[in-house]
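Colleague: pasting a predicted model and its sequence here:
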Amino acid sequence: MFILLFSEQSVGINLPLFGLYVLLLSLVYRKKPINPGPAFYIALGGWLLTSLSAIIFNTALAISMNIISLILLCGLLQAERIKSPVFGFMHSVVIFALAIPRLFSEPFLIFKSKIRSTSKLLNIALGTLIVTGVFALFTILFASSNPVFNSLVNSIFGDFFTRLARLFQRLNYADIFLFLSGAVICTAFFVSANNSFFTGEDARSSDNIYRNRKPLVCKNKISWRGLYYENKLGIILLSLLNLLILIFNIIDIKWLWFDFAWDGDFMKPFVHEGTFILIFSIVLSMTLVLLFFRKNLNFFKKSARLRILVYIWLVQNLVVTASVARRTCLYVEHFNLAYLRIGVFFFLLAVVFGLATVFYKVYAKKSAYYLLSTNTLFVFCGLCLMAVFNWNSIVASYNIRHSGDAYFHRDFMITMPDAVLPLLLENRELFDYPFSHNEYHEYVYKHFRTDSTTNNYRDLLDKKIKTFSDEYPQRSWQSWNYADFISYKKVVSQQITPTN
């Protein structure tokens, strides 16, 4: 089935069909009734949503989230009561790791169990077959790499191994790889792995923190591990950090929100530096909160001042988030949209949600497990909902509309998926521009396998049109998706003849 759907095919309707095939197969041959928890239904909803998006829009995000949803479903089918998507996904990784040896060992175990009662001669024959096969394989490999050894082998065994090597050369290794990949995936859905480290951790974890009363034993009446000194340490550290980030935010707001003036320089480092600062700041803030409010400090009566400092620290991180959003908006204003810039906006949204959950964790005495499960669930659901949008069309339409106001990155636009070709054709005059050699053309050369002899971007667009027009009718039904189907119909109806 895997070879039928994916051999020499691009991703289209074949991906959701294979997912449906393995899910139905695992449910039909399931030994016990399914009793899933909420995480299973969320993963199933994500898979159904991204399956439709992969067929209709065929965006990279929809395809990626469809695969991730299927992997998650694999783990949740084996361990239905897992609550956290993170533990469910990691349990799936364990299942896939177990599926690889199980794929090769299970047939031998079944065969051995059937012949155990008949004769020991069959066991001997099976062992002889394995030894002979492995010996022949290594003989072919060594003979192919050394002509002297090849002559020695031919003098002993004649041309037997030469003919065997020719047989191996005729094999389609791509189909063999596809077959093994499909077999591993199907095996993963049938591997019995209800218990693993991750299922145990998920079962033992709770959203809430409970007070653990232990007597403090201290000979010198001073303990740096005591709650009192831990609280003092947190107050001093967060006071300093709040002062530091306050100074940073004042400078950043004044420069970025009121005094910023673009001087024509490349703005990619400008955005990325702010994003890296944000990532470090958020990770640091969450780590500090988890460090200080991990156990009994949550119940310490004198921790009110530390809590206030944590809340101020989180609010100031929101200000940093707003500043990075401002940087990204300025980047888009001057350099148009790209996929990673949209990803930055989603990341900022996830950061805001993460800071809100950290605030609630401190306020309501929630655990690290609560933070992990809640935030991963938000990211998973958010990415599945993001996959509903046709980002190829959104990015292309936005950049074309603002081509006169912002930098129109022709190298990026010309390498966009074929689904946006009608939009590019309708605005063909934007590509009537010299293709001069510079450092930003590298991935264009890789995409078109061309060199700097190309004179005009319009030539590349014409080449893209011709390649798509010639290639699409040759596609099989497995690669069908609605976006490319509509794109081909529009390209043909416009009857654009590429210039030579």
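Modeller: The structure has been received and is ready for your questions. Residues are numbered from 1 along each chain as shown.
Colleague: in stretch 88-107, what counts as buried?
Modeller: Residues 88, 89, 90, 91, 92, 94, 95, 96, 98, 99, 102, 103 are the ones in stretch 88-107 that count as buried (16 or more other Cβ atoms under 10 Å). In short, each C-beta sits where N, CA and C put it, glycine included.
Colleague: would you format those as JSON lines with pLDDT included?
Modeller: Formatted as JSON lines, those follow (pLDDT from 0 to 100):
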{"residue": "88", "pLDDT": "78"}
{"residue": "89", "pLDDT": "77"}
{"residue": "90", "pLDDT": "76"}
{"residue": "91", "pLDDT": "76"}
{"residue": "92", "pLDDT": "77"}
{"residue": "94", "pLDDT": "75"}
{"residue": "95", "pLDDT": "76"}
{"residue": "96", "pLDDT": "74"}
{"residue": "98", "pLDDT": "72"}
{"residue": "99", "pLDDT": "72"}
{"residue": "102", "pLDDT": "68"}
{"residue": "103", "pLDDT": "65"}
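Colleague: mind putting the residues you listed into CSV with secondary structure and distance to residue 17?
Modeller: Formatted as CSV, the buried residues of stretch 88-107 follow (DSSP: H, G, I helix; E, B strand; the rest coil; distance: Cβ to Cβ, whole Å):
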residue, secondary structure, distance to residue 17
88, helix, 24
89, helix, 23
90, helix, 27
91, helix, 25
92, helix, 20
94, helix, 26
95, helix, 22
96, helix, 20
98, helix, 26
99, helix, 21
102, helix, 25
103, helix, 22
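Colleague: closest to residue 414 out of those?
Modeller: residue 89 (36.2 Å; Cβ to Cβ).
Colleague: so for this protein, the centremost residue is which one?
Modeller: residue 64 (6.0 Å; Cα atoms, centre = their mean).
Colleague: hmm, back to that, and of the buried residues of stretch 88-107, the nearest to residue 288?
Modeller: For those, the nearest to residue 288 is residue 90 (25.3 Å; Cβ to Cβ).
Colleague: could you point out which element follows the helix or strand hosting residue 308?
Modeller: Assigned by DSSP states H and E, residue 308 falls within helix 304-335. Using DSSP H and E, the helix or strand that directly follows helix 304-335 along the chain is helix 339-364.
Colleague: now do the buried residues in that next one.
Modeller: 341-342, 344, 347-351, 354-355, 357-359, 361-362.
Colleague: just checking, what packs against it?
Modeller: helix 268-292, helix 304-335, helix 368-386, helix 391-401 (3 or more Cβ pairs under 8 Å, 6 or more residues apart in numbering; DSSP states H and E).
Colleague: helix 339-364 and the helix holding residue 308, what's the angle between them?
Modeller: 170 degrees (axes from the mean of the first three to the mean of the last three Cα atoms, to 10 degrees).
Colleague: for helix 304-335, packing partners?
Modeller: Using 3+ Cβ pairs under 8 Å, 6+ apart, helix 304-335 sits against helix 227-253, helix 268-292, helix 339-364.
Colleague: I'd like those helices as a markdown table, with mean pLDDT and distance to residue 42 appended.
Modeller: Putting the helices and strands packed on helix 304-335 into a markdown table (pLDDT from 0 to 100; distance: least, Cβ to Cβ, whole Å) gives the following:
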| stretch | mean pLDDT | distance to residue 42 |
| --- | --- | --- |
| helix 227-253 | 84 | 35 |
| helix 268-292 | 72 | 23 |
| helix 339-364 | 90 | 16 |
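Colleague: any chance of those in JSON lines, plus distance to residue 327?
Modeller: JSON lines is the format used below for the helices and strands packed on helix 304-335 (distance: least, Cβ to Cβ, whole Å):
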{"stretch": "helix 227-253", "distance to residue 327": "9"}
{"stretch": "helix 268-292", "distance to residue 327": "5"}
{"stretch": "helix 339-364", "distance to residue 327": "9"}
